[in-house]
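here is my input; please provide its structure:
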Amino acid sequence: MGAAAVLAVALIATLVTGGRAEKAASAVNAAVGSQFATVGFKLKAVRVQGASRLATSDILKAAGLYKDQPLLGMDLEALRQRVKSVGWVKEARVVRLLPDTLVLQVVERRQLAVWQHAGKSYVIDEHGRVIPEANANRFPALPLIVGEGANEQAAQILAAVAQRPRLMDRLEAFVRVDGRRWDLRMKDGSLVQLPAVGEEAALIQLEQLDQKSRILELGFERIDLRDPTVVAVRPRDGVLPGQLVANGA
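Reported below is the predicted structural model:
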């Protein structure tokens, strides 16, 4: 009966004010929630759906919910915005399941790579945006990209190299050079230099050359693909000048 009375007051207040008295409406909502909480409509469980274990902890912290919080009268849109403000979260939705449960449904940002820049490491998503809550040390399996602006251009080069498992398995890091092009730093210490324009063609050239002569296994210090008409290689001892391989032959 008490809850019904509060609801009646809320309806009258809304009609009288035309919905313009936000502070009054907020107070009424809180009163509604408190009244219904006395008959069991209070928070007992929170479920997070669509998030990893690491993200769930940060989502719950940002949500700021507490046990026995009145479930009715709760500002679900404000709660959704708090959840969406978490770096892990791409999209968020809040569902209230009466009498005592809230469901936080999220779409988590895809962790694309670890970006190393200015002496620090960050986890970035598919759009190159940093996920502040993500500790890069906990993502050793992600590709490593290095250099200023590398985060903004990472998606395209990662997708291109991922199509070539033999190259990807040997790769240690993608290094952005002068904001224009990429060097591929291999696990054996060698370097593959890609052009600023025509990365895909250069990767095809490298793949064909590796199929014919296993160039990635020959111990070159550097494989220079910046000129599409010639492949220049440098022996690991660094004494001889770069040898030229015309037309990738």
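
point out where this structure drops to low pLDDT.
For the chain, the stretches with pLDDT under 70 are 1-40, 238-249.

swap the cut-off to 50 and go again
Applying pLDDT under 50 to the chain flags residues 1-19, 21-33, 35-37, 39, 239-249.

which residues in it form strands?
45-49, 89-97, 101-108, 111-117, 120-125, 144-146, 171-177, 181-186, 191-193, 220-224, 230-235, 243-246 (DSSP state E).

distance to L203 and mean neighbour count for those - can I get that in CSV?
Any C-beta I mention is one placed from the backbone N, CA and C, and that applies to glycine too. As requested, the strands of the chain are exported to CSV (distance: least, Cβ to Cβ, whole Å; neighbours: other Cβ atoms under 10 Å):
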stretch, distance to L203, mean neighbour count
strand 45-49, 39, 14
strand 89-97, 30, 16
strand 101-108, 30, 18
strand 111-117, 18, 21
strand 120-125, 22, 18
strand 144-146, 16, 21
strand 171-177, 12, 18
strand 181-186, 9, 20
strand 191-193, 9, 18
strand 220-224, 12, 19
strand 230-235, 12, 18
strand 243-246, 16, 11
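
will you turn the ones you listed into a markdown table that also has distance to R214?
Converted to a markdown table, these look like this (distance: least, Cβ to Cβ, whole Å):
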| stretch | distance to R214 |
| --- | --- |
| strand 45-49 | 48 |
| strand 89-97 | 42 |
| strand 101-108 | 40 |
| strand 111-117 | 28 |
| strand 120-125 | 33 |
| strand 144-146 | 25 |
| strand 171-177 | 16 |
| strand 181-186 | 14 |
| strand 191-193 | 14 |
| strand 220-224 | 11 |
| strand 230-235 | 13 |
| strand 243-246 | 13 |
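
just tell me which of those strands ends up closest to A201.
A201 lies closest to strand 230-235 among those, at 12.2 Å (Cβ to Cβ).

can you count the residues close to the closest residue to L206 other than its chain neighbours?
Nearest residue to L206 in three dimensions, chain neighbours excluded: L225, at 6.2 Å (Cβ to Cβ, 6 or more residues apart in numbering). Close neighbours of L225, defined as other Cβ atoms under 10 Å, add up to 22.

my read: L225 touches A202, true?
Yes: the pair L225 / A202 is scored as a contact, 4.1 Å apart, by Cβ atoms under 8 Å.

so which of the strands of the chain gets nearest Q81?
strand 89-97 (8.2 Å).

quick revisit: contacting residues around the residue nearest to L206?
Residues near L225 by Cβ atoms under 8 Å, 6 or more residues apart in numbering: V192, Q193, L194, P195, A202, Q205, L206, V231.

quick one: the residues you listed as JSON lines, columns for distance to L79 too.
Shown next, in JSON lines, are the contacts of L225 (distance: Cβ to Cβ, whole Å):
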{"residue": "V192", "distance to L79": "49"}
{"residue": "Q193", "distance to L79": "50"}
{"residue": "L194", "distance to L79": "46"}
{"residue": "P195", "distance to L79": "50"}
{"residue": "A202", "distance to L79": "49"}
{"residue": "Q205", "distance to L79": "53"}
{"residue": "L206", "distance to L79": "51"}
{"residue": "V231", "distance to L79": "58"}
